[in-house]
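Q: A predicted structure for the sequence below; I have some questions about it.
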Amino acid sequence: MDSNSIAAWSGLAGNAIAVIVALLSLRKAERALMQSEVQSDRSLARADAALTQAQQIAERTLRAHYNIDGAQSAIAWRDQVIALHDRGLTSAQIREIMLLEDGGAGYEASNGRIDDIVRNL
């Protein structure tokens, strides 16, 4: 073998090694990319689950506040009816006063009938 053929073979071997190293690096990069995509998908799924849970908690909290407000309204309504009854007013007179309040006509049905409240005193 002359020096030109040795140089050619060594160049060819060097290029083959470079191609092999590049292929191995490419495979390693592809595996890392796949792992990254899997982790990203898992992170998105966890974020979606956390968002869904936060939304459910917010909805439950809103319902609880609505129920508490409704209960407070009913208690205040009954306190007013009892206070007016204690002053000697009849059910009809109490109803007249309570219906003067804005939206008062709908309150008796949802907060307690005046006749029932007064009857139990």
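A: Yep, it's here. Numbering: from 1, shown residues only.
Q: what is the longest helix along the chain packed up against?
A: In terms of residue count, the longest helix belonging to the chain (DSSP state H) is helix 3-86. Helix 3-86 sits against helix 91-100, helix 104-111, helix 114-119, with contacts defined as 3 or more C-beta pairs under 8 Å, 6 or more residues apart in numbering; DSSP states H and E. For every residue, glycine as well, the C-beta is placed using N, CA and C.
Q: now what about the shortest one, what contacts it?
A: If I follow you right, that is helix 114-119. Here helix 114-119 makes contact (C-beta atoms under 8 Å, 6 or more residues apart in numbering) with Arg78, Val81, Ile82, His85, Ser91, Ile94, Arg95, Met98, Glu108.
Q: let's have these in CSV, adding distance to Arg27 and neighbour count.
A: Output for the contacts of helix 114-119, formatted as CSV (distance: C-beta to C-beta, whole Å; neighbours: other C-beta atoms under 10 Å):
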residue, distance to Arg27, neighbour count
Arg78, 76, 16
Val81, 81, 26
Ile82, 82, 15
His85, 87, 17
Ser91, 87, 17
Ile94, 85, 22
Arg95, 84, 20
Met98, 81, 18
Glu108, 77, 19
